[in-house]
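> here is my input; please provide its structure:
(chains A and B)
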Amino acid sequence: MSKEFKRTLITSALPYANGPVHIGHLAGVYVPADIYARYLRLKGEDVLFIGGSDEHGVPIALKAKDEGVTPQEVVDRYHYIIKKSFEDFGISFDVYSRTSSAIHKKTASDFFRTLYDKGEFVEQTSEQYYDEEAKQFLADRYITGICPHCGNERAYGDQCEACGTSLSPMDLIEPKSAISGSVPVLKETKHWYLPLDKHEAWLEKWILEDHKEWKPNVYGQCKSWLDMGLQPRAVSRDLDWGVPVPVEGAEGKVLYVWFDAPIGYISNTIEVCQDQPEKYGDWTKWWKDEATKTINFIGKDNIVFHCIVFPAMLKADGSYILPENVPANEFLNLEGDKISTSRNWAVWLHEYLEDFPEKQDVLRYVLTANAPETKDNDFTWKDFQARNNNELVAILGNFVNRAMVLTQKFFEGKVPARAALTDYDQQTLEEFASVKKELETNLDNFRFRDALKDAMNLARIGNKYLADTEPWKLAKTDMERTATILNIALQITANLAIAFEPFLPFSAEKIKRLINKSDLKWSQLGSADLLPDEHPLNPPTLLFEKIEDEAVAKQVQKLEDSKKANEANP
RNA sequence: CGCGGGGUGGAGCAGUUGGUAGCUCGCCAGGCUCAUAACCUGGAGGUCAUUGGUUCGAGUCCGGUCCCCGCAACCA
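Residues are numbered from 1 along each chain as shown, chains lettered A, B, ... in the order given. The predicted model follows:
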C-alpha cells in the first residue's frame, strides 16, 4: 500500500462471449473498474484500462453446434454487441479486444511454450468419458445419469441437484452424454498440469502475509484454498475450439479457457501498445516493471483463478509482476432471483441503452449506490426509479438547477462576485472542502458505494446552504449578500462536476457545459475559486429527468414475460 | 459435519481494538417556495438470523443450529 508506483494497470474480468452483458456484470466488475480508472486519470496518473471478450471454451463450442454455425460466428455476434454496449455506456477501456484475435493466439501460445520449455508443467494421462457420436471428450458437467444415492434420473457428472451429493462421472448409473444422448465410453487422454502445489509456499506468504488488506471475501477464499493444500491443475482440454497446445503430438487439444483467458489481459495490452506506442509505450512496462500497480477487478466467482492460478502462471514464467489487489464483488440479484443468461432473467445492457437513451448515468448511479461490495444485493426496478427520482433528480439535479436558475434570475447568468463571508459561509466551505479527503480514501480502497455517498453529500451541503441562507428572499433587500451566496452555490456546483466525474461521466460533462468550464482537475476539488467573477454561464437545463411509473412497469412486464416463457418450456 | 463470504428498523447498507445501535431511501409532522410537488428541520420504527457461553457489560469474542450466495469435485 505504501509502495510508490509510477502507473496503474487496471483489468476487468473478460466477459464470456456466449451472451450479451447484463447489469450483474456491470455492478460486479465494469462500473467499479471504470470509476477507478476515471478517478486515476482525473488525478493525472498514468493508467491503462484493459477489457476484452473471452471467446473460447466448451459452452461456446456447444452453442455453435446447436445453432449449426461456427464458434467464430457465435463469438462475433456477442463480441460486437458487448463492445458496442460498453462504449455507449461509457466504460472507458483503453482497449477492448478478444481472445480469438491473432495477437492473443500467439501470446497465449508463447506463454504456454515458455512454461513448457522451462519444465513448469507435468504431463499426465487419465481415462475420461468420450462421446463417440459427438466425437469429443465430456466434461463432468456434460454427463447425465441416475444418481446412485437418490435415484434422480437427471443427475450431472459432478453433482446431483436433487440430493446435493457430490459425484464423479464414474458414479453415475447409466451415464449419457448430455450433448448427443449417446452412451459415453472411457478413453485415455493426455493433459498438461500446472503443479500449483509447487507454488504454495510463496503464494502463502504473498497473500496471507503481504496482502492482509485484500477484501475479506477474497482473502478468506484464498486462505481456505491454501490451508487445504493446492493440487496440480490441468491447463489443456480436448476440444477443437481454442488456442492449440503448441507441443508436438498435441493435436486436438487446446489451452483450457482458464489458462487462456487471463493471458488475454496481456495480449490486449500488447495490442494497444502496438497500435499506439507513443501513448502507451512498450507493453512490458505494464507487466514486467515493479513500478506498475496492477489491479484486477473481478466477480466473486473467479477469485481463485485470479489470486492463485494466474499469479502462479505469471510466477512460473518468472518475468512478470503480480497484482497489487484483486477487488472482487459479490453478486447482484434481479427482483429477488438470481440473474441467469439461459433463463433470460437479466437486464441486458444493450437493451437498457435502447430503452433508456441518454440515461447511462442513472444505471451507473444505481449500480454503484447498490453495489454488491460486501454481500449479494438485489436490483429492483422500483429501487431504480426511486434512486433516480429521489436522489439524482431531487438532490443532485435539483441543486444544480437551483443554483443555475437563481443566478440567471438575479445576475443575468454571470457568476456574481463574493463580498465578505459570514461564519456560516466559512463553515460551509470548510465542510465541502473536507469531502475530498474522504472521497479519496474511499476510492483508493475500492469502497465505491461510500465514495458515491460522499460525492452526493456535496449536493446535500449545497441544498442545505441555499435553504438556510434563502437568497431568493435576500434578493429583495440585499443584493450584495445574495451575490455572495450564489457565488458559493456555483463554486459548489463546479465541485460537483469534479467529484462526480468518475461515477457519472455524462452528467459531469453536462454540468461543465452548464457552468461553461471544461478544464477542471481532481486536484481542484474542494476549492472555492473555480469560477472567476463575471464568468458567463450557459442557460440552465435539467441534468436528470423523472422516470415515470409506466417506463418501469414496462421493464417489470418484460421480466414477467420471460418468467412465463420459462414456465411454458422449462 | 469440504471451504469461503453474508444474514442489523419497510428497502439498501455502516458499525474500528466489546460499553445499552448509525447512514441513505421510504413513512409521518412541521418549515420554505428559488427549484423537476423538488429542498430544509424534526419524529415514529430494530429483542442486531437463532440458541447457549465468556464478561460488570457483546451486533462486536467463543460453541451449536437455521437460511442465502460463491468456490471445490477437469462449467466458465
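> and chain A, what are its domains?
Listed domain ranges for chain A are A:7-112+A:256-354, A:122-194, A:380-524 (source: automatic domain parsing).
> and the end-to-end length of the longest one?
Its start and end residues considered, domain A:7-112+A:256-354 measures 36 Å (Cα to Cα, to the nearest Å).
> correct me, but A:Asn398 touches A:Asn463?
Yes: counting by Cβ atoms under 8 Å, A:Asn463 is a contact partner of A:Asn398 at 7.2 Å. C-beta coordinates here come from the backbone N, C-alpha and C atoms, glycine included.
> quick one: secondary structure of the residue of chain A positioned farthest from its centre?
Distance to the chain centre peaks in chain A at A:Thr477, reaching 52.9 Å (criterion: Cα atoms, centre = their mean). With DSSP: H, G, I helix; E, B strand; the rest coil as the basis, the three-state label of A:Thr477 is coil.
> what does the pLDDT read for it?
pLDDT recorded at A:Thr477 is 93.
> for the stretch 201-350 of chain A, what lies in contact range of RNA strand B?
A:216-217, A:220-221, A:223-225, A:227-228, A:233-234, A:237, A:256-258, A:261, A:300-305, A:330-331, A:338 (Cβ under 7 Å from any atom of the strand).
> please indicate which of those are buried?
For those, a burial check counting by 16 or more other Cβ atoms under 10 Å picks out A:217, A:221, A:225, A:233, A:237, A:256-258, A:261, A:300, A:302-305, A:330-331.
> related to what we said a few turns ago, in helices, which of the residues of the stretch 201-350 of chain A next to RNA strand B appear?
Counted as lying in helices by DSSP state H, out of these, are A:216-217, A:220-221, A:223-225, A:227-228, A:257-258, A:261, A:303-304.
> A:Tyr36 reaches A:Asn445, doesn't it?
No: A:Tyr36 lies out of contact with A:Asn445 (Cβ under 8 Å); the separation is 10.7 Å.
> neighbour-wise, which of the two wins?
A side-by-side neighbour count of A:Tyr36 and A:Asn445, using other Cβ atoms under 10 Å, places A:Tyr36 first with 24 against 15.
> got a list of what that one touches?
Counting by Cβ atoms under 8 Å, 6 or more residues apart in numbering, A:Tyr36 makes contact with A:10, A:295, A:297, A:443, A:446, A:448, A:502.
> quick check: which element contains it?
helix A:31-42 (DSSP states H and E).
> can you list the strands that the following helix or strand past that helix pairs with?
Helices and strands here follow DSSP H and E; after helix A:31-42, the next one along the chain is strand A:46-53. Strand pairing for strand A:46-53, using DSSP bridges, gives strand A:7-12 (parallel), strand A:95-98 (parallel).
> sorry, back to before: got the phi and psi for the residue farthest from the centre of chain A?
Main-chain dihedrals, A:Thr477, degrees, to the nearest 10: phi -120, psi -30.
> pretty sure A:Leu322 sits against A:Lys205.
No: at 11.7 Å, A:Leu322 and A:Lys205 do not qualify as touching, with contact defined as Cβ under 8 Å.
> gap between A:Phe500 and RNA strand B?
As judged by Cβ to the nearest atom of the strand, to the nearest Å, A:Phe500 and RNA strand B stand 14 Å apart.
> point out where chain A drops to low pLDDT.
Counting by pLDDT under 70, chain A shows low-confidence ranges at A:1-3, A:147-152, A:158-167, A:567-570.
> one more time with 50, if that's ok
In the predicted model of chain A, residues A:1-2 satisfy pLDDT under 50.
> show me where the stretch 151-300 of chain A has its helices.
Ranges of helices in the stretch 151-300 of chain A, per DSSP state H, counting those that start in this stretch, are A:200-203, A:216-228, A:257-275, A:277-280, A:284-288.
> columns distance to A:Asp454 on top of those, output as a markdown table?
As requested, the helices of the stretch 151-300 of chain A are exported to a markdown table (distance: least, Cβ to Cβ, whole Å):
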| stretch | distance to A:Asp454 |
| --- | --- |
| helix A:200-203 | 35 |
| helix A:216-228 | 22 |
| helix A:257-275 | 30 |
| helix A:277-280 | 31 |
| helix A:284-288 | 30 |
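> what's the neighbour count on A:Arg7?
Neighbour tally, A:Arg7, other Cβ under 10 Å: 18.
> which ones are touching A:Ile143?
Neighbour list for A:Ile143: A:129, A:156-157, A:169, A:172, A:175-178, A:184 [criterion: Cβ under 8 Å, 6+ apart].
> sorry, back to before: tell me which of A:Leu322 and A:Lys205 has more neighbours.
The neighbour count for A:Leu322 versus A:Lys205, taken as other Cβ under 10 Å, is higher for A:Leu322 (19 against 11).
> just read off the phi/psi values of that one.
Reported as degrees, to the nearest 10, the phi and psi values for A:Leu322 are phi -110, psi 160.
> and it, how far from A:Tyr219?
Look at A:Leu322 and A:Tyr219: by Cβ to Cβ, to the nearest Å, they are 15 Å apart.
> closest to RNA strand B out of the strands paired with strand A:46-53?
Closest to RNA strand B of the strands paired with strand A:46-53 is strand A:95-98 (Cβ to the nearest atom of the strand; 13.0 Å).
> also within reach of RNA strand B: list those from the contacts of A:Ile143.
Counting by Cβ under 7 Å from any atom of the strand, no member of the contacts of A:Ile143 is near RNA strand B.
> farthest pair within these?
Using Cβ to Cβ, the contacts of A:Ile143 reach their maximum pairwise distance at A:Tyr156 and A:Pro184, which is 13.3 Å.
> neighbour-wise, which of the two wins?
Neighbours were counted for A:Tyr156 and for A:Pro184 using other Cβ under 10 Å; A:Pro184 has more, 27 against 20.
> what strand or helix carries the residue lying closest to that one once chain neighbours are set aside?
Using Cβ to Cβ, 6 or more residues apart in numbering and skipping the chain neighbours, the partner closest in space to A:Pro184 is A:Tyr129 (3.9 Å). In the assignment (DSSP H and E), A:Tyr129 maps to strand A:122-131.
> what comes up buried for that strand?
In strand A:122-131, counting by 16+ other Cβ under 10 Å, buried: A:128-131.
> dump the residues you listed into a markdown table; add distance to A:Asp275 as well.
Output for the buried residues of strand A:122-131, formatted as a markdown table (distance: Cβ to Cβ, whole Å):
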| residue | distance to A:Asp275 |
| --- | --- |
| A:Gln128 | 41 |
| A:Tyr129 | 44 |
| A:Tyr130 | 43 |
| A:Asp131 | 42 |
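> just give me the closest of those to A:Leu40.
A:Gln128 (46.0 Å).
> residues in a beta bridge with A:Lys190, which ones?
A:Lys190 has these beta-bridge partners by DSSP bridges: A:Thr125.
> what's the local residue count around A:Ser518?
Going by other Cβ under 10 Å, the residues that sit close to A:Ser518 add up to 9.
> that one in helix, strand or coil?
Applying three-state DSSP: A:Ser518 is coil.
> show me the contacts for the residue lying closest to it once chain neighbours are set aside.
Once flanking residues are discounted, A:Ser518 sits nearest to A:Lys512: 5.2 Å by Cβ to Cβ, 6+ apart. Residues in contact with A:Lys512 (Cβ under 8 Å, 6+ apart) are A:497, A:518, A:520.
> if I look at the first one, how far off is A:Gly145?
Separation of A:Ala497 from A:Gly145 (Cβ to Cβ) stands at 61 Å.
> A:Phe446 too?
According to Cβ to Cβ, A:Phe446 stands 44 Å off from A:Gly145.
> equivalent analysis for A:Val362, please.
48 Å.
> same question, A:Ser340
Distance from A:Ser340 to A:Gly145, by Cβ to Cβ: 24 Å.
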